[in-house]
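> Here is a sequence together with a model predicted from it:
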Amino acid sequence: MTPPEFMLASLGTCAGYYALQYLKARKLPEDGLSVRVEAEKATGPARLGRFLIEVRVGNLEARHEEGLMRAVKACLIHNTLHMSPEVKTVIQMAGAEVEDATLKA
């Protein structure tokens, strides 16, 4: 798998985990739960610019849609992507340390 594919897998797994927890907590059927994630590439700089998370569930009453959506959006990876985390890059070479001066995503 490529690094972007791992990122999508992480996002999908996280969304699926929270969806499953919602269903279990309410003793709702777990059959039919599946998650599909895709992303569009963006440029300037090259990155994943847009994500789609598709959560499918079996037969649930419509009243659970909002709660299930809240559960999926509570995912740590989902929230991280929404909040532009600080990213620090450090390269260590033969006893010297080279640090990225910019601390943004």
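Arrived safely, thanks for sending. Since this is a predicted model, take the numbers as computed values, not measurements.

> Whichever strand or helix holds residue 80 - contacts with which helices or strands?
Taking DSSP states H and E as the definition, residue 80 sits inside helix 76-82. For helix 76-82, the packing partners by 3 or more Cβ pairs under 8 Å, 6 or more residues apart in numbering; DSSP states H and E come out as helix 3-25. C-betas here are computed from N, CA, C, even on glycine.

> buried sites along the helix it packs on?
Buried positions in helix 3-25, judged by neighbour count with 16 or more other Cβ atoms under 10 Å: 7, 8, 11, 12, 14, 15, 16, 17, 18, 19, 22, 23.

> what residue ranges in this structure score low on pLDDT?
95-105 (pLDDT under 70).

> and if we set it to 90?
For the chain, the stretches flagged by pLDDT under 90 are 59, 94-105.

> what pairs with the nearest residue to residue 8 once chain neighbours are set aside across the strands?
Leaving aside its sequence neighbours, residue 8 sits nearest to residue 37 (Cβ to Cβ, 6 or more residues apart in numbering; 4.7 Å). Counting by DSSP bridges, residue 37 is bridged to residue 53.
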